[in-house]
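[1] Predicted model, plus sequence, below.
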Amino acid sequence: MKFSVNDKGYYGNFGGAYIPEMLYPNVEELRENYLEIIASTDFNNEFEHLLKTYVGRPTPLYYAERLSQKYKTKIYLKREDLCHTGAHKVNNTIGQILLARRLGKSKIIAETGAGQHGVATATVCALMGMECVVYMGEIDMARQKPNVERMKILGAKVRPATSGSKTLKDATNEAMRHWINNPTDTHYIIGSVVGPHPYPDMVARFQSVISTEMKDQLQEVEGRNSPDHIIACVGGGSNAAGAFYHFLQDESVNLIAAEAAGLGISSGKSAATTTLGKSGVLHGSKTILMQTEDGQVVEPYSISAGLDYPGIGPIHAHLFESGRAEFFGITDEEAMIAGVELSKLEGIIPAVETAHALAVFGNRQFSENEVVVVNLSGRGDKDLETYIKWGNY
Ligand SMILES: *Cc1c(COP(=O)(O)O)cnc(C)c1O
């Protein structure tokens with residue numbers, strides 16, 4: 001079975017480009033050019049240089065001794081939390097802005113939910129001196145004020161989406177509309193392995209630097225270039241796709257995805273897409289999403305803003321359907337306990353998204369000499385208020 005994208009943009013039954021006709025020229029321009037640009041020496045030199053000198057790559061692969069003792073297995077943490085801006089998202093925004101420049105674009109737009117992708121986009125626009133407009137739901141702007149201010153300090157314009165539920169879905173619609181009206185000078189930076197082909201594949205390629213480094217680092221410390229298990233949290237799925245990327249075809253590596261089960265799978269307040277969802281079209285691709293009987297998207301819930309998404313990227317829908325990856329639904333409570341546990345055992349306060357991946361250890365056994373890599377997608381600074389509200393530490 002093949003787990004990379006085919007030339008029509010599908011992963012098994014999922015993917016494709018389900019877009020309004022008006023958007024077709026923009027997406028087609030990207031599809032025709034992205035592989036050639038990404039493969040060019042000039043692009044690679046600049047991408048690698050910025051990842052090294054600006055983002056701070058390679059990120060360490062850290063052996064977590066006290067966590068390993070507790071769970072009686074060998075646990076390594078891939079430290080994406082040490083990237084500039086505090087998470088893996090910047091790997092993708094750097095890649096896309098370099099690609100946008102090579103397509104002759106001078107302006108950038110993005111959508112953002114909690115603001116993390118908006119901040120990563122505003123950051124690279126400042127770096128490149130490019131105009132940046134970020135669409136954000138009006139309600140999200142009120143909920144995530146510090147990120148709105150961060151984007152403004154970085155020079156971006158933040159435009160409120162005032163229709164519908166005034167959240168991520170509406171911000172995405174506004175960004176699409178903007179792109180349709182400005183096709184020649186503007187590139188739309190999508191923040192995860194979602195959206196119409198070629199976005200999921202393009203974003204996965206930019207994030208694949210995570211597993212490229214992991215292979216070299218494991219070779220050095222373990223004398224082999226693959227682990228037994230890789231665990232990552234899945235919102236849209238970009239950090240997981242990057243951590244899995246070079247191991248997708250190697251079935252000796254077990255892939256484990258942690259989704260947000262919120263207050264519980266059957267509570268009605270959850271974002272456990274694979275358990276609760278059905279096949280359908282979301283944000284331009286065929287995937288698995290949470291929907292009602294008549295196909296209305298169900299409003300998701302999670303304590304972590306980054307996992308609060310009603311779908312998953314098409315690559316993960318395929319990994320789920322084919323059985324290639326194991327999926328766990330992790331509740332808010334399990335995640336918060338795991339986040340506090342990592343803080344106390346290793347001196348690392350993880351993002352609440354990342355804490356969902358760590359909570360897999362409470363749900364599944366690993367044997368003593370197995371090597372388990374957790375992709376530590378982000379740091380917890382942004383979540384201090386969530387930890388304080390939770391209180392059990
Ligand atoms: C945004 C975010 C996620 C979720 O996004 P993916 O595309 O699923 O990786 C996970 N962890 C952190 C720290 C994030 O900021």
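    That came through, no problem.
[2] ok, the residue of the chain found nearest the ligand - contacts?
    The ligand sits closest to G378 of the chain, with a gap of 2.3 Å, by CB to the nearest ligand atom. For every residue, glycine as well, the C-beta is placed using N, CA and C. Contacts of G378 were listed using CB atoms under 8 Å, 6 or more residues apart in numbering, and they are 80-81, 86-89, 116, 306, 350-351, 353-354.
[3] contacts with the ligand among those, please.
    87, 89, 116, 306, 351, 353-354 (CB under 6 Å from any ligand atom).
[4] Dump the residues you listed to JSON lines, plus neighbour count, secondary structure and pLDDT.
    Output for the ones next to the ligand among the contacts of G378, formatted as JSON lines (neighbours: other CB atoms under 10 Å; DSSP: H, G, I helix; E, B strand; the rest coil; pLDDT from 0 to 100):
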{"residue": "A87", "neighbour count": "25", "secondary structure": "strand", "pLDDT": "97"}
{"residue": "K89", "neighbour count": "27", "secondary structure": "helix", "pLDDT": "98"}
{"residue": "Q116", "neighbour count": "25", "secondary structure": "helix", "pLDDT": "95"}
{"residue": "G306", "neighbour count": "29", "secondary structure": "helix", "pLDDT": "90"}
{"residue": "A351", "neighbour count": "28", "secondary structure": "coil", "pLDDT": "97"}
{"residue": "E353", "neighbour count": "31", "secondary structure": "helix", "pLDDT": "97"}
{"residue": "T354", "neighbour count": "35", "secondary structure": "helix", "pLDDT": "98"}
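[5] And stretch 96-116, what's buried?
    Judged by neighbour count (16 or more other CB atoms under 10 Å), stretch 96-116 contains these buried residues: 96-102, 105, 107-116.
[6] measure the residue nearest to V90 when sequence neighbours are not counted to G339 for me?
    Excluding the flanking residues, the one nearest V90 by CB to CB, 6 or more residues apart in numbering is A120, at 4.8 Å. According to CB to CB, to the nearest Å, A120 stands 21 Å off from G339.
[7] And for C233?
    Using CB to CB, C233 is found at 11 Å from G339.
[8] so what's in contact with those two at the same time?
    Between them, C233 and G339 share the contacting residues T354, judged by CB under 8 Å, 6+ apart.
[9] And those two? Which one has more around it.
    Ranked by neighbour count (other CB atoms under 10 Å), C233 and G339 place C233 first, with 33 against 27.
[10] ok, V209 - contacts?
    By CB under 8 Å, 6+ apart, the contact set of V209 is 51, 57, 91, 242.
[11] Oh, that last question was meant for K78, not what I typed.
    Going by CB under 8 Å, 6+ apart, the list of residues near K78 reads 59, 61, 210, 213-214, 243, 373-376.
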